[in-house]
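Trainee: Coordinates only, no sequence provided:
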Ligand SMILES: NC(=O)c1ccc[n+]([C@@H]2O[C@H](COP(=O)([O-])OP(=O)(O)OC[C@H]3O[C@@H](n4cnc5c(N)ncnc54)[C@H](OP(=O)(O)O)[C@@H]3O)[C@@H](O)[C@H]2O)c1
């Protein structure tokens, strides 16, 4: 049994990590929950009883076997190396170490063997990356990939607890005939904020000089790292939509070998972490409201794309707080714990 710490335990991801620890039966004997001073002292109800949230200080995390970090990249940059030095295995949800060549970036269904290469820190990929790569990896492995184009439809909870409140408050204001006062999206520290209620914002994370956003780069760089294919041709457009939970992605793939659609369906249906939901005649396709709270990624709207050789479309939806963050992190921990026994 392990002494486990969750840093950022009062946030959108942290709360899900606490749930996933118990639902996925992570072997926990002791649970330390930490946050910023804002929520320190608050109580979180867990199957182990009510736990008082502590302020995030290294002394409060002393002796933890495993620490799940979900408090943002700057907290991770400070905390993770020190925790690792003290013998705590860090599973980090932030972007801080994902592209560090010495830090494995792991999606258990795709590259579980990478966990063995850790030096005390393991990175959980970006939420949109995880959802895409779970669906695309089986096709990539069977037929190879010439090119991948992805457009995301990302839920507000991907931007944390404040963005969930923003969508609720702005929607209430608009429906009451008032002017909403946007202050959270595209991201909290942005110079300009846009309304998300009844709107779509083609801007997730900050812009780079070439016109792509950092979120779009996270997807392309991380998918290449996970598939160990640095020259994979891949391009992304990331969009925030007024959905509370679960990200959707429209993905266009061009395979190296011809991939008959019935074989693609069979491969996806038998791949771990995927639920095929592809029955247009019954109006059955993946949607955020059906996927929320689940760990499987749903794939549907599979069809050939006649505009290019060996091309196809997929519509992929996953709960980015569960599989896109918390469950993926806990699955990584479970893989290592099994390894230790
Ligand atoms: N949301 C997603 O779908 C998602 C998916 C994958 C990865 N991630 C990553 O997960 C991390 C957390 O995101 P989130 O969406 O859960 O954010 P969030 O809802 O804003 O929660 C942030 C958490 O971090 C705590 N925190 C903030 N500043 C801190 C500090 N200086 N020291 C200690 N704790 C601090 C907050 O505590 P208080 O309650 O005291 O403010 C809260 O518990 C981010 O790195 C994000 O990029 C998010």
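Mentor: Nice, thanks for sending it over. No experiment lies behind these values; they were computed from the predicted model shown.
Trainee: Does the ligand have contacts with stretch 201-217?
Mentor: No. Residues of stretch 201-217 contacting the ligand under C-beta under 6 Å from any ligand atom: none, with a closest distance of 8.9 Å. The C-beta positions use only the backbone N, C-alpha and C, and glycine is treated the same way.
Trainee: which parts of that stretch are buried?
Mentor: Using 16 or more other C-beta atoms under 10 Å as the test for burial, stretch 201-217 gives 201, 203-205, 212-217.
Trainee: excluding its backbone neighbours, what's nearest the residue in the stretch 101-250 of the chain that the ligand sits nearest to?
Mentor: Going by C-beta to the nearest ligand atom, the ligand is nearest to residue 160 of the stretch 101-250 of the chain, at 3.0 Å. Excluding the flanking residues, the one nearest residue 160 by C-beta to C-beta, 6 or more residues apart in numbering is residue 12, at 5.2 Å.
Trainee: Check residue 60 too.
Mentor: In this structure, residue 60 finds its nearest non-sequential neighbour in residue 54, 4.6 Å apart by C-beta to C-beta, 6+ apart.
Trainee: Equivalent analysis for residue 285, please.
Mentor: Closest to residue 285 by C-beta to C-beta, 6+ apart is residue 300, at 3.9 Å.
Trainee: In terms of secondary structure, what does the helix or strand where the one you found lies contact?
Mentor: Using DSSP states H and E, residue 300 sits within strand 297-305. Using 3 or more C-beta pairs under 8 Å, 6 or more residues apart in numbering; DSSP states H and E, the elements in contact with strand 297-305 are helix 127-143, helix 261-269, strand 274-276, helix 288-291, strand 311-318.
Trainee: So which of the ones you listed is nearest residue 251?
Mentor: Smallest distance to residue 251 across those (C-beta to C-beta): 4.6 Å, for strand 311-318.
Trainee: Downstream of the closest one, the next helix or strand is which one?
Mentor: Toward the C-terminus from strand 311-318 - assigned by DSSP H and E - lies helix 327-340.
Trainee: any residue of that next one up close to the ligand?
Mentor: No. Helix 327-340 does not reach the ligand (C-beta under 6 Å from any ligand atom); its nearest approach is 8.6 Å.
Trainee: what comes into contact with that helix?
Mentor: 2, 16-17, 20-21, 24, 26-27, 66, 68, 70, 89, 91, 93, 106-108, 112, 115-116, 118, 122, 124-125, 130, 295 (C-beta atoms under 8 Å, 6 or more residues apart in numbering).
Trainee: Same list, those residues, but only the ones touching the ligand.
Mentor: By C-beta under 6 Å from any ligand atom, the members of the contacts of helix 327-340 lying near the ligand are 70, 93.
Trainee: buried subset of the contacts of helix 327-340?
Mentor: Buried residues within those, counting neighbours by 16+ other C-beta under 10 Å: 2, 16-17, 20-21, 26, 66, 68, 70, 89, 91, 93, 106-108, 112, 115, 118, 122, 124-125, 130, 295.
Trainee: Looking at those, which are in helices?
Mentor: Members of those lying in helices (criterion: DSSP state H): 16-17, 20-21, 108, 130.
Trainee: Would you mind confirming that the residue nearest to residue 160 makes contact with residue 164?
Mentor: Yes. Counting by C-beta atoms under 8 Å, residue 12 touches residue 164, with 6.7 Å between them.
Trainee: So those two - more neighbours on which side?
Mentor: Between residue 12 and residue 164, counted using other C-beta atoms under 10 Å, the more crowded position is residue 12 (22 against 18).
Trainee: returning to that earlier point: separation between the residue nearest to residue 160 and residue 175?
Mentor: Per C-beta to C-beta, to the nearest Å, residue 12 is found 24 Å from residue 175.
Trainee: related to what we said a few turns ago, residue contacts, the residue nearest to residue 160?
Mentor: Residue 12 touches 157, 160-161, 164, 321, counting by C-beta under 8 Å, 6+ apart.
Trainee: Over to residue 54?
Mentor: By C-beta under 8 Å, 6+ apart, the neighbours of residue 54 are 32-35, 40, 60.
Trainee: Surely residue 99 touches residue 221?
Mentor: Yes. Here residue 99 reaches residue 221: they are 5.9 Å apart, a contact under C-beta under 8 Å.
Trainee: more neighbours, the two?
Mentor: residue 221 (19 against 15).
Trainee: does that one sit in a helix, a strand or a coil?
Mentor: helix (DSSP: H, G, I helix; E, B strand; the rest coil).
Trainee: Which pLDDT value belongs to it?
Mentor: pLDDT recorded at residue 221 is 98.
Trainee: Off-centre distance for the worst-scoring helix or strand of the chain on mean pLDDT?
Mentor: In the chain, no helix or strand scores lower on mean pLDDT, DSSP states H and E than helix 327-340, which sits at a mean of 87. Here the centre of helix 327-340 is set off from its chain's centre by 16 Å, with C-alpha atoms, centre = their mean, to the nearest Å.
Trainee: can you check stretch 310-329 too?
Mentor: 8 Å.
Trainee: before we move on, back to that, hey, what's in contact with both of residue 12 and residue 164?
Mentor: residue 157.
Trainee: returning to what we had before: the residue nearest to residue 285 and residue 239, how far apart?
Mentor: Distance, residue 300 to residue 239, using C-beta to C-beta: 19 Å.
Trainee: can you list the residues of the stretch 1-150 of the chain near the ligand?
Mentor: Counting by C-beta under 6 Å from any ligand atom, the stretch 1-150 of the chain sits next to the ligand at 8-14, 35-36, 38-39, 56, 70-73, 75, 93-94, 127.
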